[in-house]
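In: what would the 3D arrangement of this be:
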Amino acid sequence: MKIKRVLLIIIALLVIMIGFTLTNPFLISSKQPAPALTSVVLDEEAAVEHFSKALTYKTVSYQERKKFDLQEFNQFITFLKNSYPAVHEKLELELINDYGLVYKWTGTNPEEKPIGLTSHYDVVPILSGTEKNWEMDPFSGTVKDGLIWGRGTLDDKIGVIGIMEAAEYLLNEGFAPSRDMYFMFGFDEEIGGELGAKAIAETLKQRGIQFDFVLDEGGAIVENMVPGVDQPVGVVGISEKGSATATLSIKGSGGHSSQPKDRTNIGRIASAISKLEETQFDGELRGPGNDLFEFVAPEMSFGMKYVFANKFLFKPIIEKILLQEPATAALIRTTIAPTIFQAGEQYNALPEEASAIINLRIMPGDSLEDVEAFIVETIDDEGITVTLEGSEASNVSSTDGPQFKSIQQAARNVYEDAIIAPYLMFAGSDAKHYDSISDNTYRFLPVQITSEDLNRMHGTNEHISISNYLNAIKFYIEIMKETNK
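Out: Prediction:
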């Protein structure tokens, strides 16, 4: 009798649990604002002509700054002045370190916090030996069959020209912003932004400028990005991972290879790397990664929505699935990537020294101190010296305030079918330099692209469709209007 009663209780609890979990998917509502489709009509021919010309300037960033062709940078600045007369008549322009550009558009209400739109006009070099692989010359700005070709079409002259086109359009329409707006264009983002964005931020900090938000390049609108979501998903970076370099090194006796010790210098460094790769940092669905699924879950098919609406039950399973693919694993844990191994000079001589370089991308919430402690504890070898240098993850920006919502709205006004959601950016951007002078920093390239386009950003045959470029201009017009109502 008691057994029967226990079984009935268990069955009743299961029924309640099933009913509760089946109800949860219907309780989560969409976080997407209704689109108010843009009515902007552009002079498309002129806009394309400007972008095409901008791509012809070889504003290439090199690790060795002496390789910069500064004449090209000067010519690009002159091109901007000639192409956007209203901007240069109505806005204040300041040069930081000669080539960093800061445009200030003064608003009517000095009590409102300013916003900043930032981008960079330097580009990465063309990898030696790959020039012949380009279908069009990388600095030709060729326009053909609905496509615009050249280095910078995706990263990131499109941001600079998109913002300038938007400002010129609004000025000609008689638009007057209520708040100050700053357009900040770096010239060395591809090598860290030390003399560009960082110097701009330091200059503005000295003047007491504090932004409501700064918007930089970053995520984009990508099709087939999230399982269970049919619409393209536009991801807005609300934080970017920190980046650190760990050096593992060991010194000891060498000797002839005919009489090796059981544990050689190479073997010990290899063992240390193996331990790190086998152990890995814990993966946890939290922070910006969790926010991504909070925003896309209401748009999922019922099966996927059921899982994410009941994360309290399925979280371990979700995390296990995410850890199976590099792209999604990077969303929920600090990553370990051995990139350089140095040891030995001769085949029959044991090296007296061995070292390895490991690149780590650090999750918000993890610190450099935590990372170093993890490495030392995991490798468990007192003979190996561990040194760590790098930067912490950036601050995590708000997703429930008017700042993020204005970005969402502007994007939806142009891409009505896209789901706009926060995410964690894995790569670096100039946005991190503005963390100290902005309440929020966001990272979003307002174009709809494929995974193949992502590979072209620093690669061969970088190009973009004319429609994508024009939509980027429209987005910048919409974000300027949304933040000045």
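In: residues near Glu44, how many?
Out: The number of residues packed near Glu44 is 13, by other C-beta atoms under 10 Å. Placement of C-beta: from N, CA and C, glycine included.
In: actually Glu389, sorry about that
Out: Neighbours around Glu389, by other C-beta under 10 Å: 10.
In: so what are the sheet partners of the helix or strand hosting it and their directions?
Out: Assigned by DSSP states H and E, Glu389 falls within strand 385-391. Using DSSP bridges, strand 385-391 pairs in its sheet with strand 242-251 (antiparallel).
In: what's the next helix-or-strand element following the strand it pairs with in contact with?
Out: Note on strand 242-251: by DSSP H and E, the next helix or strand toward the C-terminus is helix 265-279. The contact list for helix 265-279 (C-beta atoms under 8 Å, 6 or more residues apart in numbering) reads 248-252, 254, 263, 336, 338, 341, 343-344, 350-356, 358, 375, 378-381, 383-384.
In: quick one: helix 265-279 to strand 385-391, angle?
Out: Orientation check (axes from the mean of the first three to the mean of the last three C-alpha atoms, to 10 degrees): helix 265-279 against strand 385-391 gives 50 degrees.
In: residues of helix 265-279 that come out buried?
Out: The neighbour-count check on helix 265-279 (16 or more other C-beta atoms under 10 Å) flags 265-266, 268-270, 272-273, 276 as buried.
In: just stretch 460-477 next, same as before
Out: Neighbour-count burial for stretch 460-477, counted by 16+ other C-beta under 10 Å, picks out 460-466, 468-477.
In: so where do the strands sit in the stretch 201-350 of the chain?
Out: Along the stretch 201-350 of the chain, the stretches classed as strands by DSSP state E, counting those that start in this stretch are 213-222, 233-240, 242-251, 335-343.
In: rewinding a little: dump the buried residues of helix 265-279 into CSV; add distance to Gly196 and pLDDT as well.
Out: Formatted as CSV, those follow (distance: C-beta to C-beta, whole Å; pLDDT from 0 to 100):
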residue, distance to Gly196, pLDDT
Asn265, 41, 89
Ile266, 41, 91
Arg268, 42, 92
Ile269, 37, 94
Ala270, 40, 94
Ala272, 37, 95
Ile273, 35, 96
Leu276, 34, 97
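In: for the residues you listed, which one is nearest Val447?
Out: Checking those against Val447 by C-beta to C-beta gives Leu276 as the nearest, at 36.8 Å.
In: against Gly150, how distant is that closest one?
Out: 40 Å (C-beta to C-beta, to the nearest Å).
In: returning to what we had before: wait, which of the buried residues of helix 265-279 is closest to Asn109?
Out: Nearest to Asn109 among the buried residues of helix 265-279: Leu276, at 53.3 Å, using C-beta to C-beta.
In: Lys198 and Asp435: what is the separation?
Out: For Lys198, the distance to Asp435 (C-beta to C-beta) stands at 11 Å.
In: neighbour-wise, which of these two wins?
Out: Neighbour count, other C-beta under 10 Å: between Lys198 and Asp435, Lys198 has more, with 21 against 17.
In: pick the most deeply packed of the strands of the stretch 201-350 of the chain.
Out: With neighbours defined as mean count of other C-beta atoms under 10 Å, the strands of the stretch 201-350 of the chain peak in mean count at strand 233-240, which reaches a mean of 27.
In: CA atoms of it as PDB?
Out: Listed next in PDB are the C-alpha coordinates belonging to strand 233-240 (Å, rounded to 0.1, in the frame of the first residue of the first chain):
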ATOM      1  CA  VAL A 233      20.300  36.700 -36.400                       C
ATOM      2  CA  GLY A 234      22.100  40.000 -36.000                       C
ATOM      3  CA  VAL A 235      24.500  39.800 -33.100                       C
ATOM      4  CA  VAL A 236      25.600  42.900 -31.200                       C
ATOM      5  CA  GLY A 237      28.700  42.500 -29.100                       C
ATOM      6  CA  ILE A 238      28.100  43.700 -25.500                       C
ATOM      7  CA  SER A 239      31.600  42.700 -24.500                       C
ATOM      8  CA  GLU A 240      34.700  41.300 -26.000                       C
END
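In: what's the angle from that strand to strand 385-391?
Out: 120 degrees.
In: quick one: Ser394 is in a strand?
Out: No. Counting by DSSP: H, G, I helix; E, B strand; the rest coil, Ser394 falls outside a strand, being coil.
In: surely it and Thr441 touch.
Out: Yes. With contact defined as C-beta atoms under 8 Å, Ser394 counts as touching Thr441 (6.7 Å).
In: so what sits against both of those two?
Out: Jointly contacting Ser394 and Thr441 under the rule C-beta under 8 Å, 6+ apart are 431-432, 435.
In: report the separation between the nearest residue to Tyr415 once chain neighbours are set aside and Thr450.
Out: Sequence neighbours aside, Ile221 is the residue nearest to Tyr415 in space, at 5.8 Å (criterion: C-beta to C-beta, 6 or more residues apart in numbering). The gap separating Ile221 from Thr450 is 10 Å, by C-beta to C-beta.
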